[in-house]
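J.: Sequence first, then the predicted structure, then my questions.
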Number of protein chains: 4
Amino acid sequence: MNGNGIERVGRIQLRVHDFEQSVDYYSNILGLDVTGQDDNRVYLKAWDEWDHHSVILEKSDYSGMDHIAFKVTNHDVLDKLERKIEQFGCDVKRVSNQSRLGEGEAIRFILPTGHTFELYHEIDYVGVPTGRLNPHPWPDGLRGIAPHRLDHALLAGDDVDTTMRLFTEILGFVQTERVVSVDSEQLIASFLSTSMTGHDIAFIKGPNAKLHHVGFYLGNWYEVLKAADILARNGIEIEVTPTRHGITRGETIYFFDPSGNRNEVCTGGYAVYSDFPTITWTEDKLGQGIFYHRRQLNETFSSVFS
Amino acid sequence: MNGNGIERVGRIQLRVHDFEQSVDYYSNILGLDVTGQDDNRVYLKAWDEWDHHSVILEKSDYSGMDHIAFKVTNHDVLDKLERKIEQFGCDVKRVSNQSRLGEGEAIRFILPTGHTFELYHEIDYVGVPTGRLNPHPWPDGLRGIAPHRLDHALLAGDDVDTTMRLFTEILGFVQTERVVSVDSEQLIASFLSTSMTGHDIAFIKGPNAKLHHVGFYLGNWYEVLKAADILARNGIEIEVTPTRHGITRGETIYFFDPSGNRNEVCTGGYAVYSDFPTITWTEDKLGQGIFYHRRQLNETFSSVFS
Amino acid sequence: MNGNGIERVGRIQLRVHDFEQSVDYYSNILGLDVTGQDDNRVYLKAWDEWDHHSVILEKSDYSGMDHIAFKVTNHDVLDKLERKIEQFGCDVKRVSNQSRLGEGEAIRFILPTGHTFELYHEIDYVGVPTGRLNPHPWPDGLRGIAPHRLDHALLAGDDVDTTMRLFTEILGFVQTERVVSVDSEQLIASFLSTSMTGHDIAFIKGPNAKLHHVGFYLGNWYEVLKAADILARNGIEIEVTPTRHGITRGETIYFFDPSGNRNEVCTGGYAVYSDFPTITWTEDKLGQGIFYHRRQLNETFSSVFS
Amino acid sequence: MNGNGIERVGRIQLRVHDFEQSVDYYSNILGLDVTGQDDNRVYLKAWDEWDHHSVILEKSDYSGMDHIAFKVTNHDVLDKLERKIEQFGCDVKRVSNQSRLGEGEAIRFILPTGHTFELYHEIDYVGVPTGRLNPHPWPDGLRGIAPHRLDHALLAGDDVDTTMRLFTEILGFVQTERVVSVDSEQLIASFLSTSMTGHDIAFIKGPNAKLHHVGFYLGNWYEVLKAADILARNGIEIEVTPTRHGITRGETIYFFDPSGNRNEVCTGGYAVYSDFPTITWTEDKLGQGIFYHRRQLNETFSSVFS
């Protein structure tokens, strides 16, 4: 967590229009576990997460992200941050207890980039299949890609600058990396960490309120290969085949869920602490910042959002 | 960092009696970079650390650990923790600015296990060889094992219980895993994290004020194999050949520096947050907790400290 | 194959006294596929082998190896080699068609080390689960360790010298590596290849007609780790945890089937051709030749045979 | 080797127009060792090859392949194959001893696809840096990508059918995989092995006498990542970033030398023997046959030859 009590990216709610196909994809191909469902939502978690869910799929006519939420260390943090966020200029609302399955109260506000953002502390504890007593290192019976956990999301919007300030000044995130125009005057992308990983959330200049991708964590470069093999076997298009990022150094692949929400599974990277010295990429090197091996963006990666 | 402002394990000062041979070992075989030296000390850092040093080798007639120190997020944390630590019952001293190369002021106290422990904020910034502008993912010219960073230390002492309480209640660490007697009445070992890794420091019941090992972080299981190959090529005894821990799930090897201080290089493990549900190992399963594959301790591992 | 028409190690028949437990072990933990059974034998193959079987388990009051057999490139090779082997001094018998399930005729003789050895060409074709038309790179539904194929066996006996001459001069194998006494006068172990791998069969000085181990091939060092994890989870003792061989450079683990026959799963190594320059290990370096990281033999590895 | 005495792909002579830059590239970035040079040629070998050279760079105004040569098991094989090749309809010439550095006599003929092909037995022995007595598993001081050995070449030409027959019927190669038109009437590509790997040489329908790529062998998927990192760091374009082939199952990257000759480094794959059951790909699945993850060819890969 960071010094303001924000712990980690806790959940993302995705809109999916092919609901049954999407549930099948997220549970059998990506390999998350279904932990509950209500009217128009299914709740899932990765095998190495102990909270009730980290992904919510919502039946919708559209694709995209309904909201993203970060867990805070205790309930008082909500009160404290509520005031600071309002002072920063965002209108904050309370989401009441049990508005969604297994969840306690949350605070909700709109980011300068147009995304709905929540903070919460309470959520039901489910635990991991390996248990807490003399556990084995990994569970039997994993299905599909089986990422260890939700890792991060990259969101698009126009006002990356103000959003970056909200996250660093009010929410206490560290800006680990940033992309700037060659003259350094414009912030094009900002990578923000509240944990020890390269980014828990990131923002890139683009159409407001859009999702670029949601990322899940894998254990190593061989798991990245296996993930790509599983997608190929299942006929799922891999937008970006195994490669390394310059930004965050991570090893990665990108692909789409049945509704066109971009997914990433990734591993690697460096250790982040609150004194991490921000790394700067200039726009002329953005290609190798994103795809270190190919050193250029592909067309869909720059233009497709959900 | 944790909620009390403690960031990470910042440095360990090791006593070595074969001074020149030890400097050669730590710089050429383990593969740290020498960043400075004074009268009877040499300062080193791993390639992916940006502070001035994380390891200090001190010329001595003995082996063992002089002290271990954690970095805090700002100078005020020192004042605040100083009072709390004294209230807990430890006598706290100030270590003045520049007592060691590149270091600012620190506070120093003795743990219930007899080890000298410091907290500090100021230390010179050196940076990493890949730089902060459009960096490559890893530097040219690495030597030897070349771990990415100092990772943790395991210390022995009698009063593990009180020490665990000091770390969790006063210093804000999370107890990720613990080993207890079969009747659960005695705490035999405690693993404590202030970051997102399985442990930044750990304590095991044993002779007071002793070092069991200092651990450095590698990127993956192939780097563990390469590390073992490098040690074997250089005729350095590997106490524990490549294996997995049950505790922390890490992949690992153990070996000794020329003065008999045990080193580990390791990778893997899970993500820790402040709500991590402590994992319990019962003493009858300690063998597989420590060495998941062999499922028994070897003689030296249980009995040799420095 | 080699210039005398010997293709590969085709099968090994192992004696097991805990028959049902052994079938369960070989099919669910080691992860071979059962392809047939008759009175007191079960036939198995690894997933990436296309012949009917590579392992036969035989119900017995003893453990050990009944025989090992190499496949030759065509039936005429049997006639040609039969004469040469008899000239070398071994009594050769014909094993008639269908003596075992799926097998054609074989020739059988006793090696100078006392082991029963067969050569054959005909065996039923079963194929691999990925098929021969636009195949995926690996099949769904693998169980347990799931090695790709039978790789080699190490046999013990007294007369390693004559056996090595039989394999190199008559059968056309390449001696890739050998262990000799420090004065070079005695051959202690000989590694023999008829393919492109470090050894298809090897002999070590020891009690006659004994099996040291049978080895199966894995794809990489991560699969070695996973194999060790699977054994540990199933409570199966791992005699040698993940390490590297000096001899063959392979990455490996050793363990036992329920009847005490030693198994190995391994990967890595170099490419062998008929002009491979034999590598020599002197007995004083045998420890690092066998276990490159530990650089000494463990007690059971030197003394336990089946 | 195969039953006709052909051992392995022994050498490839490449034409390069940027001679000094090419020598620098092949020795420092690809990481081969220079073993000799004469008037307009430089000779190189990979670290784990013991013959004098496997790659010859020839100063030229053009790029492309001068010839490819396979080593046979003894000198008599040359005489025997010379007759058979002539009977097949190729004109065979003798290349005299020492026409090139370190080489003995060779026979030379033109393949139906227009490529110059040689067979030879004699070549100077150089050995590997790890030696033949109690060797370490890998040498110190490797530079660049440092593949273990020359692995294969893919050549383009019109008459793939006749060439395939020459290799299987006369030269004794196994056709491991083939690509056919959807109606199965036309052979589009043929993969041919004389060792235990998926292909030592392969042919694809295209412009006559052209080189598609020369492939070198790496040890594992992490070495593939490192190779791509090294190329990116050195500003060398990677045509195909890390991925898996459907054909051969190999893990791979493609890139170009300074003269535009395509290089591959690859690992993985299955074991080939003379009874390997040929795998068939239909042209409609060629995309996933070549690039299993992307499932479509990229434009340059299909059209650029040298």
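T.: Here it is on my side, so go on.

J.: distance of whatever residue of the stretch 51-200 of chain A ends up closest to chain C from chain D?
T.: Per C-beta to the nearest C-beta, the residue of the stretch 51-200 of chain A with the smallest distance to chain C is residue A:136, at 5.1 Å. Glycine gets a C-beta too; all of them are placed from N, C-alpha and C. The gap separating residue A:136 from chain D is 25 Å, by C-beta to the nearest C-beta, to the nearest Å.

J.: Please apply the same query to residue A:212.
T.: Distance from residue A:212 to chain D, by C-beta to the nearest C-beta: 20 Å.

J.: Check which helix or strand that residue maps to.
T.: strand A:210-217 (DSSP states H and E).

J.: Does anything pack onto that strand? Which helices or strands?
T.: strand A:6-16, strand A:64-72, strand A:149-157, strand A:262-267 (3 or more C-beta pairs under 8 Å, 6 or more residues apart in numbering or on different chains; DSSP states H and E).

J.: Quick check: which helices or strands does the helix or strand just after the longest one pack against?
T.: For strand A:6-16, the succeeding helix or strand toward the C-terminus, using DSSP H and E, is helix A:19-24. The contact analysis (3+ C-beta pairs under 8 Å, 6+ apart) places helix A:19-24 against strand A:55-59.

J.: Check whether residue A:205 really touches residue A:156, as I assumed.
T.: Yes - taking contacts as C-beta atoms under 8 Å, residue A:205 lies within contact range of residue A:156: 7.3 Å.

J.: Look at the two and report which has more neighbours.
T.: Comparing residue A:205 with residue A:156 by other C-beta atoms under 10 Å in any protein chain shown, the one with more neighbours is residue A:156, at 22 against 18.

J.: who touches the closest residue to the more buried one other than its chain neighbours in this structure?
T.: Nearest residue to residue A:156, sequence neighbours excluded (C-beta to C-beta, 6 or more residues apart in numbering or on different chains): residue A:206, at 3.1 Å. By C-beta atoms under 8 Å, 6 or more residues apart in numbering or on different chains, the contact set of residue A:206 is A:156-158, A:212, A:305.

J.: Neighbour-wise, give me the winner out of these.
T.: residue A:212 (24 neighbours).

J.: any idea how far residue B:185 is from that residue?
T.: 53 Å (C-beta to C-beta, to the nearest Å).

J.: repeat for residue A:29
T.: Residue A:29 is 47 Å from residue B:185, by C-beta to C-beta.

J.: Show me which of the two is the more surrounded one.
T.: Set side by side, residue A:29 and residue B:185 show more neighbours around residue A:29, with 22 against 7, by other C-beta under 10 Å.

J.: now the angle between strand A:262-267 and the next helix or strand after the strand holding residue A:212, please.
T.: Sequence-wise, the next helix or strand downstream of strand A:210-217 (DSSP H and E) is helix A:221-233. Angle, helix A:221-233 to strand A:262-267, by axes from the mean of the first three to the mean of the last three C-alpha atoms, to 10 degrees: 150 degrees.

J.: Please see if helix A:221-233 touches chain B.
T.: Yes - Helix A:221-233 is in contact with chain B by C-beta under 8 Å from any C-beta of the partner chain, via residue A:221.

J.: relative to strand A:210-217, how tilted is that helix?
T.: For helix A:221-233 against strand A:210-217, the angle by the same axes, to 10 degrees is 120 degrees.

J.: my guess is residue A:53 meets residue A:125, correct?
T.: No - between residue A:53 and residue A:125 there is no contact under C-beta under 8 Å: 11.5 Å.

J.: Between those two, which has more neighbouring residues?
T.: Neighbours per residue, other C-beta under 10 Å: of residue A:53 and residue A:125, the larger number sits with residue A:53, 30 against 10.

J.: By mean pLDDT, point me to the weakest helix or strand of chain A.
T.: None of the helices or strands of chain A scores lower by mean pLDDT, DSSP states H and E than helix A:299-303, at a mean of 90.

J.: Show me what that one is packed up against.
T.: Using 3+ C-beta pairs under 8 Å, 6+ apart: helix A:299-303 touches strand A:238-244.

J.: one step back: buried stuff in the strand holding residue A:212?
T.: Across strand A:210-217, burial judged by 16 or more other C-beta atoms under 10 Å in any protein chain shown covers A:210-217.

J.: Neighbours of the residue of the stretch 51-200 of chain A closest to chain C, how many?
T.: Counted with other C-beta under 10 Å, the neighbours of residue A:136 add up to 17.

J.: Contact partners for residue A:153?
T.: Listed by C-beta under 8 Å, 6+ apart, the contact set of residue A:153 reads A:9, A:12, A:65, A:68, A:201-202, A:211-215.

J.: re the thing from before, list the buried ones in the least confident helix or strand of chain A?
T.: Buried residues in helix A:299-303, counting neighbours by 16+ other C-beta under 10 Å, are found at residue A:301.

J.: Need the residues that contact it.
T.: Residues from elsewhere that reach helix A:299-303 (C-beta under 8 Å, 6+ apart): A:239-240, A:254, A:290.

J.: who in the stretch 201-306 of chain A is up against chain D?
T.: Proximity of the stretch 201-306 of chain A to chain D (C-beta under 8 Å from any C-beta) is limited to residues A:221-222, A:225, A:228-229, A:231-232, A:237-238, A:241-244, A:251, A:253, A:288, A:291-295.

J.: Put the buried members of the residues you listed into a ChimeraX selection.
T.: Buried members of those, defined by 16+ other C-beta under 10 Å, are picked up in ChimeraX with:
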select /A:221,222,225,228,229,231,232,238,241,242,243,244,251,253,288,291,292,293,294,295
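
J.: Check the residues of the stretch 201-306 of chain A next to chain D one by one and keep those near chain C.
T.: Taking C-beta under 8 Å from any C-beta as the test, chain C is in contact with A:222, A:229, A:232 out of these.

J.: Contact residues of the stretch 151-300 of chain A facing chain C?
T.: A:220, A:222, A:229, A:232-233.

J.: so which of the residues you listed would you say is closest to residue C:261?
T.: The shortest approach to residue C:261 among these belongs to residue A:222, at 29.7 Å (C-beta to C-beta).

J.: Read off the pLDDT value for the residue nearest to residue A:156.
T.: Predicted confidence (pLDDT) at residue A:206: the value is 96.

J.: Of all residues in the stretch 101-250 of chain A, which one is closest to chain B?
T.: Here the stretch 101-250 of chain A gets closest to chain B at one residue, residue A:196, 3.5 Å apart by C-beta to the nearest C-beta.

J.: How about that residue, nearest residue that isn't a chain neighbour?
T.: residue B:196 (3.5 Å).

J.: what does residue A:214 give?
T.: The nearest residue in space to residue A:214 (C-beta to C-beta, 6+ apart) is residue A:153, at 4.7 Å.
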